[in-house]
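Participant: Sharing a model prediction with you, sequence too.
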Amino acid sequence: MNCRSIAALVLIFHSVCFVVADELHVRVVDVGAGLCCVIVTPDQHYMIFDAGNYEDQGQTAITAIRELIPAGSTIDLLVLSHSDSDHLAAVPAICQEFKVSRVLRDGFERTSQTFQRMQQAIAIEVTGDGCEDLNLKNTEVEFGTNYAIGEFVKATFVCGFYELPEDWPELSESEAINARSIVVRLEYADRSILLCGDAVGRHIGDAATVCIAEERSMVDNVDNVPIDSDIIIAPHHGADNGSSRPFLQAVTPEYVVFSAGSKFRHPRAVTAGRYTASGVQLEKIFRTDRGDNEGGEEWASVAGAPHDPRGDDNVEIRIADNGAIDVRYLEIFFAPAAPAFAPSKGHVQSPLAGYPGRMSGAFATPCHVRRGLFRRWRVRGR
Ligand SMILES: [Zn+2]
Ligand SMILES: [Zn+2]
């Protein structure tokens, strides 16, 4: 058996171990300064929310997607929250390697190479594979529209715009691009996860009570489309122009995930502060740039210097069929040399634990032990 076959076997073994029946599994992939969430339902249906990051041409994202979704599978729903390249780079690879049944996107057009490649890949997927293109530029999708992801999981289109409402306050060019973000709420076993893309809800530096633009739209529409959620993938990487206090009061999350990298000083300290002020416990705030500290306004939750690498701080969310929630870090290491691929690390660690030392045991934990850990690990009562 050559090295490649051994590596493939390890990878298959690895993937099989990841999939536990009767659980909704969401991985917030550590793509650096971007976003990619991979969703695997208990009955093996698949959804992808965003496909960052352009800085590595989507490599980290597609690697995680390949690990969680078997080659050639059908993706029930691909959501591209908005047109920024940190959310799009892996789309051509996704369309090439999988069949995408339905794509939901804001339809705002950009000239960036990453955007153009995404656009082209979707066009081919539509003509070649019969993908339904829900492009808000051409297709009206009502807020509150539900999409079944397999038999047990529901994805609701909460908000998202091609054209921005006229009664919003003035936004900068980049704010206007982010404020179009498609927001989706996933539901399984009476639990919910809010995926916010780069939604905007305030201007940087506004008073905590301010809530404008997209977050205001969601807050004003909660009677029609609920946003109350157990877990939030925080808007705009934890930037200060999202996560307004009124929005958090409507979402009332128990767990928060910031998808960020060593760029833009995300997540901001004031943003994390609004979550803790609204009652979120520190140990229930996770970040894909753990160890990064660009100083200044960044939330420095752990010791570390700038430039946290991508790929080492994936956040795993698991919801069991009885509603028990597990959120934790899972670090994936591919050994640079023999012995081929290293299995995932499955140790339990506080998100606030120190940066140094977190690689210990990375190559050692066998899968069955990790699965045992999942069962023992924090099970939250209803
Ligand atoms: Zn972004
Ligand atoms: Zn953006």
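Facilitator: Ah, there it is. Ligands and ions are numbered 1, 2, ... in the order given.

Participant: can you list the residues of this protein near ligand 1?
Facilitator: 86, 198 (CB under 5 Å from the ion). Every residue, glycine included, has its C-beta placed from N, CA and C.

Participant: Now do the same for the closest residue to Tyr162 other than its chain neighbours: its pLDDT.
Facilitator: Distances taken as CB to CB, 6 or more residues apart in numbering place Leu136 nearest to Tyr162, at 4.0 Å, with adjacent residues excluded. Leu136 is assigned a pLDDT of 98 by the prediction.

Participant: How about Leu373?
Facilitator: 33.

Participant: Please apply the same query to Cys367.
Facilitator: 32.

Participant: Same check on the one 3 residues further on?
Facilitator: Reading off the per-residue confidence, Arg370 sits at a pLDDT of 34.

Participant: With Ala305 instead?
Facilitator: Ala305 carries a pLDDT score of 81 in this model.

Participant: ok so, going back, now do the contacts for the residue nearest to Tyr162.
Facilitator: 105-107, 160-162, 182 (CB atoms under 8 Å, 6 or more residues apart in numbering).

Participant: Tell me the one among those residues nearest to ligand 2.
Facilitator: Using CB to the ion, Asp106 is the member of the contacts of Leu136 that lies nearest ligand 2, at 10.8 Å.

Participant: can you pull the contacts of the nearest residue to the closest one once chain neighbours are set aside?
Facilitator: For Asp106, ignoring the flanking residues on the chain, the nearest one in space by CB to CB, 6+ apart is Arg180 at 4.4 Å. Applying CB under 8 Å, 6+ apart to Arg180 gives the contacts 82-83, 106, 108, 160-162, 164, 214.

Participant: Grab the two from those residues that are most spread out in space.
Facilitator: The most widely separated members of the contacts of Arg180, counting by CB to CB, are Ser83 and Glu214 (14.6 Å).

Participant: Cys159 contacts Val219, doesn't it?
Facilitator: No: judged on CB atoms under 8 Å, Cys159 makes no contact with Val219 at a distance of 10.2 Å.

Participant: which of these two has more neighbours?
Facilitator: Cys159 (24 against 18; other CB atoms under 10 Å).

Participant: Model confidence score at the closest residue to that one other than its chain neighbours, please.
Facilitator: In this structure, Cys159 finds its nearest non-sequential neighbour in Val183, 4.5 Å apart by CB to CB, 6+ apart. At Val183, the model reports a pLDDT of 99.

Participant: quick one, what contacts Val183?
Facilitator: Applying CB under 8 Å, 6+ apart to Val183 gives the contacts 81, 157-160, 194-197, 199, 214, 218, 227.

Participant: Recalculate using a threshold of 7 Å.
Facilitator: Contact analysis of Val183 by CB atoms under 7 Å, 6 or more residues apart in numbering lists 158-160, 194-197, 199, 218.

Participant: so of these, which ones are in helices?
Facilitator: Met218 (DSSP state H).

Participant: ok, back up a step: what's the separation between the residue nearest to Cys159 and Ser174?
Facilitator: Distance, Val183 to Ser174, by CB to CB, to the nearest Å: 18 Å.

Participant: Just among the contacts of Val183, which is most surrounded?
Facilitator: Most neighbours among the contacts of Val183, by other CB under 10 Å: Cys196, with 32 neighbours.

Participant: what does the model give the nearest residue to it once chain neighbours are set aside for pLDDT?
Facilitator: Sequence neighbours aside, Pro235 is the residue nearest to Cys196 in space, at 4.0 Å (criterion: CB to CB, 6+ apart). Listed pLDDT for Pro235 reads 98.

Participant: ok, now the one 4 residues further on?
Facilitator: With respect to pLDDT, Ala239 scores 98.

Participant: cool, and Tyr355?
Facilitator: Taking Tyr355 on its own, its pLDDT is 29.

Participant: Flag the shaky bits of the stretch 101-250 of the chain, pLDDT-wise.
Facilitator: Scanning the stretch 101-250 of the chain for pLDDT under 70 picks out no residues.

Participant: How about the contacts made by the residue of it found nearest ligand 1?
Facilitator: Of all residues in the stretch 101-250 of the chain, Asp198 sits closest to ligand 1, at 4.4 Å by CB to the ion. By CB under 7 Å, 6+ apart, the contact list for Asp198 reads 81-82, 84, 178, 181, 235-236.

Participant: okay but Leu35 is in contact with Ala51, surely?
Facilitator: No: counting by CB atoms under 7 Å, Leu35 does not reach Ala51; the two are 8.4 Å apart.

Participant: Neighbour count for the two, which is higher?
Facilitator: Ranked by neighbour count (other CB under 10 Å), Leu35 and Ala51 place Ala51 first, with 32 against 29.

Participant: ok, the residue nearest to that one when sequence neighbours are not counted - how many residues close by?
Facilitator: For Ala51, ignoring the flanking residues on the chain, the nearest one in space by CB to CB, 6+ apart is Ala90 at 3.9 Å. Using other CB under 10 Å, Ala90 is surrounded by 32 other residues.

Participant: now Arg27
Facilitator: Per other CB under 10 Å, the neighbour tally for Arg27 reads 22.

Participant: mean confidence for stretch 47-55?
Facilitator: 96.

Participant: Is there contact, residue-wise, from that stretch to ligand 2?
Facilitator: No: counting by CB under 5 Å from the ion, no contacts exist between stretch 47-55 and ligand 2, the nearest distance being 9.6 Å.

Participant: for that stretch, how far is the first residue from the last?
Facilitator: 23 Å (CA to CA, to the nearest Å).

Participant: What are the contacting residues of that stretch?
Facilitator: Residues from elsewhere that reach stretch 47-55, judged by CB under 7 Å, 6+ apart: 31-39, 58, 60-61, 65, 75-81, 85-91, 94, 114, 149, 155, 184, 195, 197.
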